[in-house]
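Q: sequence below, structure please.
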Amino acid sequence: MTSRRSPSGPRPPWRAFWKLVATEAKLAVRTPVVLILSVGLPVLMLIIFGFVPTFNEPLADLDGLTVLSLYAPILSVFALGFLGLVGVSMPLAGYREQGVLRRISCTPAPPSWMLGAQLVINLGVAVLALLIVNLGIKAFGVSGPKHVGGYALAIVLCVAAIFGIGLWIASFARSANVANAIGQVLFYPMMFFAGLYFPREMMPGVLRQVSDWTPLGAAVDALQTAAEGSFPSAQSLLVMAGYALVFGAIAVKQFKWE
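A: The predicted structure follows:
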């Protein structure tokens, strides 16, 4: 990671970091596009799908599952994916473009605090999005995950993988607009392989195999498996962990503060 040294002197107390988090949260609320899209779109799709009668009928081709139950993990992954690829990358790239990170490096506060603040905010939004989406899913009669531990592990690894990719985008994008463009170019193909346009269970063999090796496809596979009562497969967990480690390491190594 390329960085600038902060001026010598005492390191500011940790309460200063949480003040930075609070300030960044206020800025995020004032420009809530990412918040609305990451939370609002999955909820809107859930409402639309929930009122389609055929989506609530068990299908023999889906081993007795309903289409809505298959979309439950997909909508959760939608929220996490948009937050990671766009919500994490855009602010950091924008701050680099505006010279904010450079100016912070001239204060006792380490520039990495800005990165940490963005991660904290987006993690908070991710938790909120998951709560809203999953409460909405239960309201339409879809039962919660039967293997809670496996489901929670899959969520954690999905967040790590997709936030790692978001940090990678932020590490080289020269502006917020560039980060937004790259994030969305990656997001929609990833969501295709996650089953947004038609569930993974309906994909041809080759597409299903490709899906298994994508971060969001692996996440949906792990979440669906846990929802049905089994522990997620080692492959799906390792795929997400691999994306998190590889892209996280690359982001840390090449991140530029100015």
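Q: following the lowest-mean-pLDDT helix or strand in the chain, which helix or strand shows up next?
A: Lowest by mean pLDDT, DSSP states H and E among the helices and strands of the chain is helix 100-104, with a mean of 77. Next along the chain after helix 100-104, taking DSSP states H and E as the criterion, comes helix 112-139.
Q: what ranges do the helices span in the stretch 51-200 of the chain?
A: In the stretch 51-200 of the chain, the helices defined using DSSP state H, counting those that start in this stretch lie at 67-82, 89-98, 100-104, 112-139, 148-172, 176-194.
Q: hey, which of those helices is tucked in deepest?
A: Per residue and on average, the most neighbours among the helices of the stretch 51-200 of the chain fall to helix 67-82, with a mean of 25 (mean count of other Cβ atoms under 10 Å). All C-beta spots, glycine's among them, are computed from the backbone N, C-alpha and C.
Q: which strands and helices sit next to that one?
A: The helices and strands touching helix 67-82, judged by 3 or more Cβ pairs under 8 Å, 6 or more residues apart in numbering; DSSP states H and E, are helix 41-50, helix 112-139, helix 148-172, helix 176-194, helix 215-227.
Q: pipe those helices into JSON lines and attach mean pLDDT per row.
A: Listed next are the helices and strands packed on helix 67-82 as JSON lines, based on pLDDT from 0 to 100:
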{"stretch": "helix 41-50", "mean pLDDT": "89"}
{"stretch": "helix 112-139", "mean pLDDT": "87"}
{"stretch": "helix 148-172", "mean pLDDT": "95"}
{"stretch": "helix 176-194", "mean pLDDT": "95"}
{"stretch": "helix 215-227", "mean pLDDT": "96"}
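Q: any idea which of those gets closest to Glu57?
A: helix 41-50 (12.5 Å; Cβ to Cβ).
Q: coming back round to it: among the helices of the stretch 51-200 of the chain, which comes closest to Ala16?
A: Ala16 lies closest to helix 112-139 among the helices of the stretch 51-200 of the chain, at 8.1 Å (Cβ to Cβ).
Q: quick check, distance from the helix or strand where Thr23 lies to the centre of its chain.
A: Using DSSP H and E, Thr23 maps to helix 14-30. Relative to the centre of its chain, helix 14-30 is centred 20 Å away, using Cα atoms, centre = their mean, to the nearest Å.
Q: now do that helix against helix 112-139, angle only.
A: Angle of helix 14-30 versus helix 112-139, following axes from the mean of the first three to the mean of the last three Cα atoms, to 10 degrees, is 50 degrees.
Q: thinking again about what came up before, now the helices of the stretch 51-200 of the chain in a markdown table, with distance to Pro58?
A: As requested, these are exported to a markdown table (distance: least, Cβ to Cβ, whole Å):
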| stretch | distance to Pro58 |
| --- | --- |
| helix 67-82 | 9 |
| helix 89-98 | 40 |
| helix 100-104 | 53 |
| helix 112-139 | 16 |
| helix 148-172 | 21 |
| helix 176-194 | 22 |
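Q: could you look up the SS state of Ser230?
A: Following DSSP: H, G, I helix; E, B strand; the rest coil, we place Ser230 in the coil state.
Q: let me see the contact set for it.
A: His147, Gly150 (Cβ atoms under 8 Å, 6 or more residues apart in numbering).
Q: distance check, it against Met202.
A: 21 Å (Cβ to Cβ, to the nearest Å).
Q: check Ser38 too.
A: 26 Å.
Q: hmm, back to that, what's the least confident helix or strand of the chain packed up against?
A: Helix 100-104 packs on helix 112-139, going by 3+ Cβ pairs under 8 Å, 6+ apart.
Q: how about 6 Å then?
A: In terms of contacts (3 or more Cβ pairs under 6 Å, 6 or more residues apart in numbering; DSSP states H and E), helix 100-104 is packed against no helix or strand at all.
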